[in-house]
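Asks: Just need the structure, nothing else, for what follows:
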Amino acid sequence: MLGLSFAQMLRGAIVVESIFAWPGMGRLAVQAVLGRDFPVVQGVAIVGAAVFLAVNLTVDLLYGWVDPRLRTAGQRA
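Replies: Below is the predicted model of the structure:
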């Protein structure tokens, strides 16, 4: 659930930063789209995707560590 919640927080950052005029990646993305600054849009998308992948990888690794039943037979000590 942590990985899914994090994805929703990334999505919500765009809305919250735009409404309250807070500086951040979401506001940068909106301003770049409105200004047609495509390299910045691509950079924000790549950084967002990398963060999302890193969080999901971390959650998957921790899930296997917390619940030993998910490990394969060759990895059991």
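
Asks: Give me the nearest residue to Val44, chain neighbours excluded.
Replies: Nearest non-adjacent residue to Val44, counting by CB to CB, 6 or more residues apart in numbering: Ala29, 4.4 Å away. C-beta coordinates here come from the backbone N, C-alpha and C atoms, glycine included.

Asks: Output the contacting helices and strands for the strand or helix carrying Gly26.
Replies: In the assignment (DSSP states H and E), Gly26 maps to helix 25-34. For helix 25-34, the elements it packs on are helix 2-20, helix 38-66, judged by 3 or more CB pairs under 8 Å, 6 or more residues apart in numbering; DSSP states H and E.

Asks: Which positions in the last one come out as buried?
Replies: Put plainly, it is helix 38-66. 41, 44, 48, 55, 59 (16 or more other CB atoms under 10 Å).

Asks: Phe38 and Ala29: what is the separation?
Replies: Using CB to CB, to the nearest Å, we find Phe38 at a distance of 12 Å from Ala29.

Asks: for the chain, which spans come out with low pLDDT?
Replies: 2, 70-77 (pLDDT under 70).

Asks: 80 instead, please
Replies: 1-4, 6-8, 10-11, 63-64, 66-77 (pLDDT under 80).

Asks: which residue is nearest the middle of it?
Replies: Centroid-nearest residue in the chain, with CA atoms, centre = their mean: Phe52, separated by 2.8 Å.

Asks: Contacts only, for it.
Replies: Phe52 makes contact with 6-7, 10, according to CB atoms under 8 Å, 6 or more residues apart in numbering.
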